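>>> One predicted model, sequence on top.
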Amino acid sequence: MSAAEAGGVFRRARGRTLDAFSSEKEREWKGPFYFIQGADPQFGLMKAWSTGDCDSGGDEWKQEIRLTEQAVQAISKLSPKPKFFVLCGDLVHAMPGIKAVFSGHYHRNAGGTYQDLDMVVSSAIGCQLGKDTHGLRVVVVTAEKLVHRYYSLDELSEKGMEDDLMDLLKEK
């Protein structure tokens, strides 16, 4: 897909149409804008901090989830809308029930396991620093398992997800 073709691709997000590939439009200064930066929702820390046991005790996330939802609601009410929202810092303090952490930034596929936690690093949509192709990782979550697979952009757009992943989505 050329840059010109990509410029015509649109995505829907809660009634808003967003140009999914607006980099050409973003190259020139168009005037002031703003963005929102949030930090450290750190799910689990509030209980751990209140009990004085920061090495554990982070098995409850209710307060952090409520505050994060409040932050999203506050941002959603803003007018004009921010250009983007970036969330930095620690996302999770404790890991109740977490089986995998997904990240990027390494510009190649990688990963490993520590105890029962999988670290999954997805390669870039953009510049590749390894042998992987430009792509995306599809993650399917069921009540019993989590299955992920990296697809090249061409493969995903031409063939879609493989049947075994689609079958997992049909399970109840």
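Noted; the coordinates are in hand.
>>> could you measure the spatially closest residue to Leu91 that is not a sequence neighbour against Pro80, distance?
Take Leu91 and drop its neighbours on the chain: the residue closest to it by CB to CB, 6 or more residues apart in numbering is Pro41, 6.0 Å away. C-beta here means a position set from N, CA and C on the backbone, and glycine is covered the same way. Separation of Pro41 from Pro80 (CB to CB, to the nearest Å) stands at 25 Å.
>>> Which of the two has more residues huddled nearby?
Just comparing Pro41 and Pro80: by other CB atoms under 10 Å the higher neighbour count belongs to Pro41, 20 against 7.
>>> check contacts around that one.
Applying CB atoms under 8 Å, 6 or more residues apart in numbering, we find Pro41 in contact with Glu64, Leu67, Thr68, Leu87, Gly89, Asp90, Leu91.
>>> Give me the buried entries from the residues you listed.
Neighbour-count burial (16 or more other CB atoms under 10 Å) is assigned, among these, to Glu64, Thr68.
>>> So, low pLDDT: which residues of the chain?
Judged by pLDDT under 70, the chain has its weakly predicted residues at 1-24, 56-58, 94-96, 172.
>>> List the backbone torsions phi and psi for the closest residue to Ser103 other than its chain neighbours.
Once flanking residues are discounted, Ser103 sits nearest to Val121: 5.5 Å by CB to CB, 6+ apart. Dihedral pair for Val121: phi -110, psi 120, per degrees, to the nearest 10.
>>> Name whatever forms a beta bridge with Val121.
Applying DSSP bridges to Val121 gives these bridge partners: Ser103, Ala110.
>>> Next up, the contacts around it.
The contact partners of Val121, by CB under 8 Å, 6+ apart, come to Phe102, Ser103, Gly104, His105, Tyr106, Arg108, Asn109, Ala110, Gly111.
>>> Now a PyMOL select for only the buried ones of those.
The PyMOL selection below is limited to those of those classed as buried (16+ other CB under 10 Å):
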select buried, resi 109
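>>> I'd like to know which of the contacts of Val121 is nearest to Gly52.
Among the contacts of Val121, Ser103 lies closest to Gly52 (CB to CB), at 30.3 Å.
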